[in-house]
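K.L.:
Predicted coordinates and the sequence they were generated for:
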Amino acid sequence: MNEVAGLQAVPQAIEYIRILPEIVLSIFGMVIMVLDPLLDERRSQRLLGAIALTGSLAAIGATLYQSQYPGLGFWNMVQVDPFSVFFHFLVTTVTAVVILTSYEYMQTQQIRAGEYYGLILFGAVGMCLMSSAVELVLIFIALEISSISTYILAGFRRRAAISSEASVKYFLLGSFATAFFLYGVALMFGATGSTNIAVIREKLSAGPIPLLAYTGVAFMFVGLGFKVAAAPFHIWTPDVYEGAPAPVVGFMSTAPKAAVFAVLLRIIFEARVPDVSWLIWIAAALSMTLGNIGALVQENIKRLLAYSSIAHAGYLLMAYAALPNNGIPAAMFYTASYAAMNVGAFAVVSHFAGAGERYVNLHDYEGLGQRSPVLAAALTVFLLSLIGIPITGGFFAKFYVFSAAVQNNLMGLVIIGVLNSAIGAYYYLRIIVAMYMREAREEIAVSPVSLGLGAALAVSLIITLYLGVLPGQVLKYASQSATSLVR
């Protein structure tokens with residue numbers, strides 16, 4: 001009765017504004033699916049891509065409009081606040097950049113565009129909803145919407161057996177991980193009598209925390225840890241990244257992770273769940289170490305960046321082990337920086353890979369600095385940011401994460417992080433050395449940078465450099481979001 005009595009009466013128009021970006025993305029996704037059978041393959045590539053891009057840009061506008069109407073909606077299941085607006089903006093921006101990257105890729109690989117663009121928009125719906133949901137069952141539904149889309153997108157190179165293998169492996173392991181999350185939700189309901197995050201916070205703060213709540217949090221962490229490729233739940237990542245289309249990898253390595261990390265922040269800090277810092281500490285240390293060591297021996301660029309993604313999940317988890325007031329802004333800033341530099345890196349990989357993604361090995365990049373100075377320079381900036389070199393977003397991202405960990409006396413984890421950063425610098429620099437200091441073994445024709453790809457690279461570069469030169473505004477907004485979340 002108390003939970004029902006606490007529900008807020010919200011005007012229906014305002015409630016729909018609370019999910020406006022999701023509505024916009026869904027409408028454009030349905031328009032694409034309706035038009036796809038009516039168009040021939042040649043016309044569908046550009047037209048449906050333009051519709052998808054328009055939808056993602058409209059969702060960005062809807063997010064900015066939505067920020068003027070903060071509050072709860074739909075029986076206290078969704079919440080619009082600076083925190084959710086931040087992740088909505090991040091997910092929709094990544095979606096727009098990936099769509100720009102995909103124009104040329106879809107034509108080169110001769111893949112029909114309708115289902116592809118529709119699935120990207122529908123996946124973004126789930127990711128946006130995850131960042132604003134404050135009810136565990138709704139979070140699960142949003143997670144499934146996102147996951148089902150990415151399962152299919154991972155196997156979109158239908159002529160390549162490795163892509164089908166990636167899709168099946170991702171689906172089977174992802175379903176297994178989802179079961180863990182759902183079971184954790186059920187255990188939390190058994191411990192508190194609710195799946196609403198606000199009610200869970202009240203119940204856990206009122207008295208002794210039952211053992212069932214600890215178990216539920218551990219199970220939910222396993223499910224979410226799989227989605228962000230954190231060790232020891234990372235086994236799927238290298239094979240799926242290698243087999244999936246390169247733009248899809250750029251999408252699934254950034255936007256879903258941002259959404260899942262938003263869920264983690266809500267569950268850990270807003271719900272005031274039992275202390276699981278030791279679990280996060282172990283996952284962070286394992287992710288950084290296994291990810292960086294695994295990347296050292298990779299010759300395939302996509303597998304190398306897959307292990308890099310595992311390592312960066314570890315750096316980000318370091319912020320989760322820190323205090324809320326320090327850890328939340330650091331985690332949000334790191335998520336934004338990583339999204340910009342990683343989606344940009346995969347944009348270069350998708351363009352250079354060629355038909356059938358033949359050129360994805362390290363030796364293929366030898367001499368790229370002479371053959372395509374623009375591509376090589378862009379990739380160099382993204383790699384330097386992944387290392388954490390100054391004037392790039394990656395530098396301040398790592399600086400804030402390490403600072404938050406130091407302020408929370410996590411010196412052991414900081415030392416592990418610094419050592420792993422040094423290891424990571426080696427394999428990133430290998431790519432730069434190959435591009436500028438080695439002669440090409442074979443002549444690989446590099447097509448000119450198209451307008452869509454150029455726009456995607458420009459957006460990624462501008463954000464990466466902006467976060468490295470003027471990080472203050474983004475960090476200030478992240479700090480305000482943290483304050484509202486903790487309060």
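P.N.:
That came through, no problem.
K.L.:
Check which residues of stretch 419-427 are buried.
P.N.:
Buried residues in stretch 419-427, counted by 16 or more other C-beta atoms under 10 Å: 420, 421, 423, 424, 425, 427. Placement of C-beta: from N, CA and C, glycine included.
K.L.:
If I look at the nearest residue to the fifth one once chain neighbours are set aside, what pLDDT would I see?
P.N.:
Counting by C-beta to C-beta, 6 or more residues apart in numbering, the nearest residue to residue 425 once its immediate chain neighbours are dropped is residue 387, at 4.8 Å. At residue 387, the model reports a pLDDT of 95.
K.L.:
what's the burial count for residue 387?
P.N.:
A count of nearby residues for residue 387, using other C-beta atoms under 10 Å, gives 21.
K.L.:
same question, residue 55
P.N.:
When neighbours are counted by other C-beta under 10 Å, residue 55 registers 27.
K.L.:
how about the strands in the protein?
P.N.:
In the chain, the segments counted as strands under DSSP state E are 71-73, 78-80.
K.L.:
Least reliable of the ones you listed by average pLDDT, please.
P.N.:
Among those, strand 71-73 carries the lowest mean pLDDT (a mean of 88).
K.L.:
I figured residue 203 hits residue 194, correct?
P.N.:
Yes. The pair residue 203 and residue 194 qualifies as a contact (C-beta atoms under 8 Å) at a distance of 6.8 Å.
K.L.:
related to what we said a few turns ago, in contact with the residue nearest to residue 425, which residues?
P.N.:
Applying C-beta atoms under 8 Å, 6 or more residues apart in numbering to residue 387 gives the contacts 394, 421, 424, 425, 428, 429.
K.L.:
The residue lying closest to the third one once chain neighbours are set aside and residue 313, how far apart?
P.N.:
So the one you mean is residue 424. Counting by C-beta to C-beta, 6+ apart, residue 424 lies nearest to residue 292, which is 4.9 Å off, once chain neighbours are set aside. Residue 292 sits at a distance of 12 Å from residue 313 (criterion: C-beta to C-beta, to the nearest Å).
K.L.:
In the chain, which helix is the longest?
P.N.:
helix 161-192 (DSSP state H).
K.L.:
which other helices and strands contact that one?
P.N.:
Counting contacts by 3 or more C-beta pairs under 8 Å, 6 or more residues apart in numbering; DSSP states H and E, helix 161-192 is packed against helix 136-154, helix 197-206, helix 211-227, helix 237-243.
K.L.:
do you know which of the ones you listed lies nearest residue 284?
P.N.:
Residue 284 lies closest to helix 211-227 among the helices and strands packed on helix 161-192, at 10.7 Å (C-beta to C-beta).
K.L.:
Please identify the buried residues of the closest one?
P.N.:
Residues of helix 211-227 classed as buried by neighbour count (16+ other C-beta under 10 Å): 213-217, 219-227.
K.L.:
Let me know the angle separating it from helix 136-154.
P.N.:
Angle of helix 211-227 versus helix 136-154, following axes from the mean of the first three to the mean of the last three C-alpha atoms, to 10 degrees, is 20 degrees.
K.L.:
thinking again about what came up before, mean pLDDT for the helices and strands packed on helix 161-192 - can I get that in TSV?
P.N.:
Output for the helices and strands packed on helix 161-192, formatted as TSV (pLDDT from 0 to 100):
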stretch	mean pLDDT
helix 136-154	93
helix 197-206	86
helix 211-227	89
helix 237-243	93
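K.L.:
can I get those in TSV with distance to residue 41?
P.N.:
TSV is the format used below for the helices and strands packed on helix 161-192 (distance: least, C-beta to C-beta, whole Å):
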stretch	distance to residue 41
helix 136-154	19
helix 197-206	46
helix 211-227	33
helix 237-243	23
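K.L.:
Identify whichever of those lies nearest to residue 456.
P.N.:
The closest of the helices and strands packed on helix 161-192 to residue 456 is helix 136-154. By C-beta to C-beta, the value is 17.2 Å.
K.L.:
just checking, what packs against the closest one?
P.N.:
The contact analysis (3+ C-beta pairs under 8 Å, 6+ apart) places helix 136-154 against helix 113-132, helix 161-192, helix 246-252, helix 255-265.
K.L.:
TSV for those helices, including distance to residue 299, mean pLDDT and mean neighbour count?
P.N.:
Formatted as TSV, the helices and strands packed on helix 136-154 follow (distance: least, C-beta to C-beta, whole Å; pLDDT from 0 to 100; neighbours: other C-beta atoms under 10 Å):
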stretch	distance to residue 299	mean pLDDT	mean neighbour count
helix 113-132	28	92	26
helix 161-192	15	91	18
helix 246-252	16	92	29
helix 255-265	25	90	26
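K.L.:
Let me have those in TSV, extended by distance to residue 441.
P.N.:
Compiled in TSV, these are given as follows (distance: least, C-beta to C-beta, whole Å):
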stretch	distance to residue 441
helix 113-132	33
helix 161-192	23
helix 246-252	22
helix 255-265	35
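K.L.:
Among the ones you listed, which comes closest to residue 464?
P.N.:
Closest approach to residue 464 among the helices and strands packed on helix 136-154 (C-beta to C-beta): helix 246-252, 13.8 Å.
K.L.:
Low-confidence ranges, the protein, go.
P.N.:
In the prediction, the chain carries residues with pLDDT under 70 at positions 1-10, 270-275, 323-325, 486-487.
K.L.:
can you do 50?
P.N.:
In the predicted model of the chain, residues 1-8 satisfy pLDDT under 50.
K.L.:
before we move on, back to that, do you know how far the residue nearest to residue 425 is from residue 348?
P.N.:
As judged by C-beta to C-beta, residue 387 and residue 348 stand 16 Å apart.
K.L.:
And for residue 57?
P.N.:
Using C-beta to C-beta, one gets 23 Å for the distance from residue 57 to residue 348.
K.L.:
So which of the two has more stuff around it?
P.N.:
Legend: neighbour count by other C-beta under 10 Å for residue 57 and residue 348, higher for residue 348 (30 against 17).
K.L.:
Isn't residue 127 up against residue 257?
P.N.:
No. Assessed by C-beta under 8 Å, residue 127 is found out of contact with residue 257, at 9.4 Å.
K.L.:
picking up where we left off before, out of the helices and strands packed on helix 161-192, flag the one nearest residue 185.
P.N.:
Proximity to residue 185 (C-beta to C-beta) singles out helix 136-154 among the helices and strands packed on helix 161-192, at 4.5 Å.
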